[in-house]
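Engineer: This is a predicted model, with the sequence first.
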Amino acid sequence: MSGNDRGRSTTSTAARMARSLADAVLRRTWIERACYLLAAVLICSGLFHLGVLLVTGGSWSGPVSWRKPATFGLSFGLTLATVTWVLSFASGRSRVRAVLLAVFAGACAAEVGMITVQAWRGMPSHFGVTGAGAGLLSAGAAGGGVALVATLATATVLVWRPDPGIPPSMRLALRVGFASLMVALALGVYMLARGMVLSRVGGDVDGAFAFTAGIKPGHAATMHGVLVLPFLAWMLSFAECPERSRLALVRLASSGYVLFAGIVVVEVLAGIRPLPVSAAPVVATVFALAGTALLIIAFGLALRALHRPNCAE
């Protein structure tokens, strides 16, 4: 095939992908559109507070920092948009999916809202919450946390059910992605529970925040597999490849992601900081880099497949 033909094919594929993303937002149910809108608001809130942090020259760490509304807004906004998008690939009753999304969106808004309110009040969130309305804020955060766990656990069960209507490559991506998200939630619950013990029972608020800071890399590493892997499977759906080739690439990417995230989780639970790399064991660093390399290779091969009109060519 000539270079011009390849260029036209690549442009056509990019256009089809753009239309698919636009349809995912514009031609969905009202609850999905509402979730996308709320996700955009949360992301904008995160970016705004990141700007506040940079302008004021505040600290990136500590119990009271503009970092918290910035990172929580960005993370929850991205996660809400991701879950809304990937659940559109799962089969099942639309009413169940709508209820899951509504509860999950409300929980995301509650968590980010509580953290943002506390930041503007100049008070810590999660641990050592004081001042007017402290009980209400704590109860809201706890209720939001329970809702997050319940909805995402239900969604995980949904995608793990046998479903011949979903291509094997996307089914694997969804299963591994939601499994990794459940690990992230488990780490989040662990951080919150241990932090509560340290702050309320032991009275060590600074120790509680220091403990959670050590676990956060594992929480972050496992959080967004639910976006990365289904996104790869979605990309491959536009390639003129047999399903077995798509499945092989998703398996490669899943192996790399699980290796990388697994190493990071083991490190933080063992009290080892993954970064800087010089502080981590050499073996762990090698395996984490190997997992990252597998993930990059899988995406590189996927892009190559999109560029070629025939994978066998």
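Structural biologist: Structure received.
Engineer: show me what contacts the nearest residue to residue 268 once chain neighbours are set aside?
Structural biologist: Nearest residue to residue 268, sequence neighbours excluded (Cβ to Cβ, 6 or more residues apart in numbering): residue 218, at 3.9 Å. Every residue, glycine included, has its C-beta placed from N, CA and C. Applying Cβ atoms under 8 Å, 6 or more residues apart in numbering to residue 218 gives the contacts 187, 261, 264-265, 267-269.
Engineer: If you go by neighbour count, which of these are buried?
Structural biologist: Taking 16 or more other Cβ atoms under 10 Å as the criterion, what is buried in these is 187, 261, 264-265, 267-268.
Engineer: tell me the two of the residues you listed that are most distant?
Structural biologist: 187 and 267 (12.3 Å; Cβ to Cβ).
Engineer: ok so, going back, just the contacts of residue 218 now: which is nearest residue 165?
Structural biologist: residue 261 (28.4 Å).
Engineer: residues touching that closest one, list them.
Structural biologist: 180, 183, 218, 221-222, 225, 291.
Engineer: do residue 257 as well
Structural biologist: Taking Cβ under 8 Å, 6+ apart as the test, what residue 257 contacts is 176, 180, 225, 228-229, 291, 295.
Engineer: Over to it. Which of the three states is it?
Structural biologist: For residue 257, the secondary structure call by DSSP: H, G, I helix; E, B strand; the rest coil comes out as helix.
Engineer: likewise residue 185?
Structural biologist: For residue 185, the assignment made with three-state DSSP gives helix.
Engineer: Just give the nearest non-adjacent residue to it, would you?
Structural biologist: residue 149 (5.6 Å).
Engineer: contacting residues for the residue nearest to the spatial centre of the chain?
Structural biologist: Centroid-nearest residue in the chain: residue 224, 2.8 Å away (criterion: Cα atoms, centre = their mean). Going by Cβ under 8 Å, 6+ apart, residue 224 touches 78-79, 82.
Engineer: Against residue 205, how distant is it?
Structural biologist: For residue 224, the distance to residue 205 equals 29 Å [Cβ to Cβ, to the nearest Å].
Engineer: sorry, back to before: mind picking the two most distant members of the contacts of residue 261?
Structural biologist: Pairwise over these, using Cβ to Cβ, the maximum falls at 183 and 291, 14.7 Å.
Engineer: tell me which helix or strand of the protein sits lowest on mean pLDDT?
Structural biologist: helix 3-26 (a mean of 69; mean pLDDT, DSSP states H and E).
Engineer: And the next helix or strand past that helix?
Structural biologist: Reading on from helix 3-26 to the C-terminus, the next helix or strand found by DSSP states H and E is helix 30-56.
Engineer: Can you name every helix or strand that that next one contacts?
Structural biologist: Judged by 3 or more Cβ pairs under 8 Å, 6 or more residues apart in numbering; DSSP states H and E, the packing partners of helix 30-56 are helix 3-26, helix 67-87, helix 94-121.
Engineer: Surely residue 50 is in contact with residue 70?
Structural biologist: Yes - using Cβ atoms under 8 Å, residue 50 is in contact with residue 70, at 4.0 Å.
Engineer: When the two are compared, which one has more neighbours?
Structural biologist: For residue 50 versus residue 70, neighbours defined as other Cβ atoms under 10 Å are more numerous around residue 70 (24 against 17).
Engineer: ok now do that one, which residues does it touch?
Structural biologist: 46-47, 49-50, 52-53.
Engineer: Of those residues, select the buried ones using a ChimeraX command.
Structural biologist: To isolate the buried ones among those in ChimeraX, judged by 16+ other Cβ under 10 Å, type:
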select :46,49,50,53
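Engineer: Closest to residue 210 out of the contacts of residue 70?
Structural biologist: Proximity of the contacts of residue 70 to residue 210 (Cβ to Cβ) peaks at residue 53, which lies at 20.1 Å.
Engineer: so the closest one makes contact with residue 61?
Structural biologist: No - look at residue 53 against residue 61 with Cβ under 8 Å: they stay out of range, at 11.4 Å.
Engineer: what is in contact with the two at once?
Structural biologist: residue 67.
Engineer: Contacts only, for the closest residue to residue 212 other than its chain neighbours.
Structural biologist: Among residues not flanking residue 212 along the chain, residue 191 sits closest, at 4.4 Å (Cβ to Cβ, 6+ apart). By Cβ under 8 Å, 6+ apart, the contact list for residue 191 reads 211-212, 215-216, 219.
Engineer: In helices, which of those fall?
Structural biologist: 211-212, 215-216, 219 (DSSP state H).
Engineer: any idea which of those residues is closest to residue 34?
Structural biologist: Out of these, the member with the shortest distance to residue 34 (by Cβ to Cβ) is residue 219, at 27.0 Å.
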